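J.: just to be clear, the model below is a prediction. Sequence and coordinates:
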Amino acid sequence: MQATIEPASGPLRGSVRVPSDKSISHRAVLFSALAEGTSSLRAVLDAHDVRSTIAAVQALGARLDVSPGAEGLTLAVHGWGERGPIAPGTPIDCGNSGTTARLLMGVLAGYPVRCTLVGDESLSRRPMRRVTEPLSRMGARFELSGLGTLPAVVTGGGLVGCEHVLPVASAQVKSALLLAGLRAHGTTRVTEPAPSRDHTERMLPAFGAAVTREPPVTVSVLGPQSLSAAQVTVPADPSSAAFLVVAALLVPGSEIVLRDVSLNPTRTGFLAVLERMGADFEVCDVRASGAEEVGDLVVRYTERLCGTEVTPDEVPALIDEVPILAIAAATAEGVTRFRAVGELRVKESDRFDAIVTSLAAMGADAHADDDDLVVEGPSRLQPALLSSRGDHRLAMAFAVAGLVAEGPVRIDGFESVGVSYPGFLDDVRALLSG
């Protein structure tokens, strides 16, 4: 599907709740499947990636009652608990979801079952040894493709806790190891070079797990231990909110309110960067939602943004927002340098190359300096034909660029937004008419 994004005919105005958080939704479904009893989940993201996780736990023996609602899915999840998952007769299709594949590896590592995980063309190019190698040290067995990618055959059981020092901060790897650690004998301890998303360690105690945190970068569990059913309400996704935040900052006269957004400090790094760039926004009505903090974002058009430097320590908290921050940087005065963002090359697509080549196609100055992404502005973005490369975050970032370009921006593969934000264009249109 090709989408044509015309320059905004007026400001964005009004209030919207962006879709629920994808990371939290995945974990709520997975932990509920592991738990004894029936968990109640509200406002679970209804998008392709989370549907992959739902289908996976169903294939492994969890029973789910699913009802759609205005803010997402309501689920009653009857977990497999102490009886454990069943070995499915066919491979589990993780679709485009790296979170589904990598966290399932950690889950399955703890049980004496044999299971094959597959994914779509994009997911099948993503590296998996960063997960399978530490899990193998705990006693699980894996068979991967010759390139270290899916398909993956997982044979679990008989785990022993280990100490892991990760070379790259990764919430997916950390979470897989902690989930395996729940079934292992002894302590599983994970240390990262920088803080990554901490939804797993925040949510597990709600399901009765004992988790030890040693700020800022170490977390551990003592196994074996079991999970019990819980209630979880999923807040709005800050990564999805980032696209509308930047759109409102760039489209003249805009003022919008984004409701119920997760303010987890491991997810709001993009706001700190935009604040340094001079963005006009404020966080209101901050409140607790389970173990997470939520609030409303009020965002106003900002006539002048300035370039900044994003440091390596900041990157884990904003790696998914680099594409949309690069669009903001292209319109800002001066140089913006995103340091040590080589991880972009192994996301759903090679986002690093896509950002550089697509900004160049729109007449902006962007280039790679080893693993640094450098964007120099301000640029007047030009009409262009771009490819999403099947990547939801690229598709939405390019759509925001289209709102402030000199003419239409056409985006091939726009259907990829269904991975996280199926109604993205509907919300943009509603705000433009508000």
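T.: Received, thanks.
J.: how many neighbours does the residue lying closest to Thr218 once chain neighbours are set aside have?
T.: The shortest distance from Thr218 to any non-neighbouring residue, by Cβ to Cβ, 6 or more residues apart in numbering, is to Thr191 (4.5 Å). Using the backbone N, CA and C atoms, a C-beta is placed for each residue, glycine as well. Applying other Cβ atoms under 10 Å, we find 14 residues neighbouring Thr191.
J.: and Pro112, by the same measure?
T.: 10.
J.: separation between it and Glu82?
T.: 13 Å (Cβ to Cβ, to the nearest Å).
J.: before we move on, what about Thr100?
T.: 23 Å.
J.: name the residue in these two with the higher neighbour count.
T.: Using other Cβ under 10 Å as the criterion, Thr100 and Glu82 rank with Thr100 on top: 29 against 9.
J.: quick check, the more buried one in contact with Ser25.
T.: No. If you go by Cβ atoms under 8 Å, Thr100 and Ser25 don't touch, sitting 10.9 Å apart.
J.: shared neighbours, the two?
T.: Contact criterion Cβ atoms under 8 Å, 6 or more residues apart in numbering; residues shared by Thr100 and Ser25: Thr53.
J.: pLDDT averaged over stretch 400-411 - what is it?
T.: Taken as a whole, stretch 400-411 has an average pLDDT of 98.
J.: and the contacts of that stretch?
T.: 2-8, 243, 246-247, 250-251, 324, 327, 330-331, 362, 380-388, 395, 398-399, 428.
J.: what about those residues, which are in strands?
T.: With DSSP state E as the criterion, strands contain 2-5, 384-387 from among those.
J.: hmm, back to that, now the contacts of stretch 400-411: which count as buried?
T.: Among these, those scoring as buried are 3, 5, 8, 243, 246-247, 250-251, 324, 327, 330-331, 362, 381, 383-384, 386-388, 395, 398-399, 428 (criterion: 16 or more other Cβ atoms under 10 Å).
J.: break down the stretch 251-400 of the chain into its strands, ranges please.
T.: Assigned by DSSP state E, counting those that start in this stretch, the stretch 251-400 of the chain shows strands spanning 255-262, 280-289, 292-300, 309-310, 334-338, 365-369, 372-377, 384-387.
J.: and of those strands, who's closest to Ala35?
T.: strand 292-300 (18.8 Å; Cβ to Cβ).
J.: how close does Ser220 sit to Glu163?
T.: Counting by Cβ to Cβ - Ser220 and Glu163 are separated by 9 Å.
J.: looking at those two, which has the bigger crowd around it?
T.: Neighbours were counted for Ser220 and for Glu163 using other Cβ under 10 Å; Ser220 has more, 21 against 14.
J.: buried set for whichever strand or helix holds that one?
T.: Assessed by DSSP states H and E, Ser220 sits inside strand 218-223. Of all the residues in strand 218-223, those buried under the rule 16+ other Cβ under 10 Å are 219-223.
J.: tell me the one of the ones in strands among the contacts of stretch 400-411 nearest Thr132?
T.: Set against Thr132, the nearest of the ones in strands among the contacts of stretch 400-411 by Cβ to Cβ is Ser387 (30.8 Å).
J.: check contacts around the closest one.
T.: Per Cβ under 8 Å, 6+ apart, neighbours of Ser387: 354, 358, 411-413.
J.: is it bridged to anything, and to what?
T.: Asp412 (DSSP bridges).
J.: low-confidence ranges, this structure, go.
T.: Counting by pLDDT under 70, the chain contains no low-confidence residues.
J.: would you agree Arg213 falls within a strand?
T.: Yes. Membership of Arg213 in a strand is supported by DSSP: H, G, I helix; E, B strand; the rest coil.
J.: which residue sits closest to it, ignoring its sequence neighbours?
T.: Of all residues not flanking Arg213 in the chain, Val219 sits nearest, at 5.2 Å (Cβ to Cβ, 6+ apart).
J.: just to revisit the earlier point, strand partners of the strand holding Ser220, parallel vs antiparallel please.
T.: In the sheet, strand 218-223 lines up with strand 186-191 (antiparallel), strand 211-214 (antiparallel) (DSSP bridges).
J.: run through who's touching it.
T.: So strand 218-223 is contacted by 159, 161, 174, 178, 181-192, 198, 201, 204, 209-214 (Cβ under 8 Å, 6+ apart).
J.: what do you get if the cut-off is 6 Å, keeping everything else the same?
T.: Strand 218-223 has contacts (Cβ atoms under 6 Å, 6 or more residues apart in numbering) with 178, 181-184, 187-191, 201, 211-213.
J.: would you check how far apart Gly269 and Ala241 are?
T.: Gly269 sits 13 Å away from Ala241, going by Cβ to Cβ.
J.: quick one, which of these two is more surrounded?
T.: Remark: of Gly269 and Ala241, Ala241 carries more neighbours, 28 against 22, as counted by other Cβ under 10 Å.
J.: quick check: which element contains that one?
T.: Secondary structure (DSSP H and E) places Ala241 in helix 238-250.
J.: just the CA coordinates for stretch 249-258, please, in PDB.
T.: C-alpha atoms of stretch 249-258 as PDB (Å, rounded to 0.1, in the frame of the first residue of the first chain):
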ATOM      1  CA  LEU A 249       6.100  20.800  17.200                       C
ATOM      2  CA  LEU A 250       6.700  21.200  13.400                       C
ATOM      3  CA  VAL A 251       3.200  22.100  12.000                       C
ATOM      4  CA  PRO A 252       2.600  25.900  12.600                       C
ATOM      5  CA  GLY A 253      -0.200  26.800  15.100                       C
ATOM      6  CA  SER A 254      -0.500  23.300  16.500                       C
ATOM      7  CA  GLU A 255      -1.500  22.500  20.100                       C
ATOM      8  CA  ILE A 256      -2.400  18.900  21.100                       C
ATOM      9  CA  VAL A 257      -2.900  16.800  24.200                       C
ATOM     10  CA  LEU A 258      -1.800  13.200  24.300                       C
END
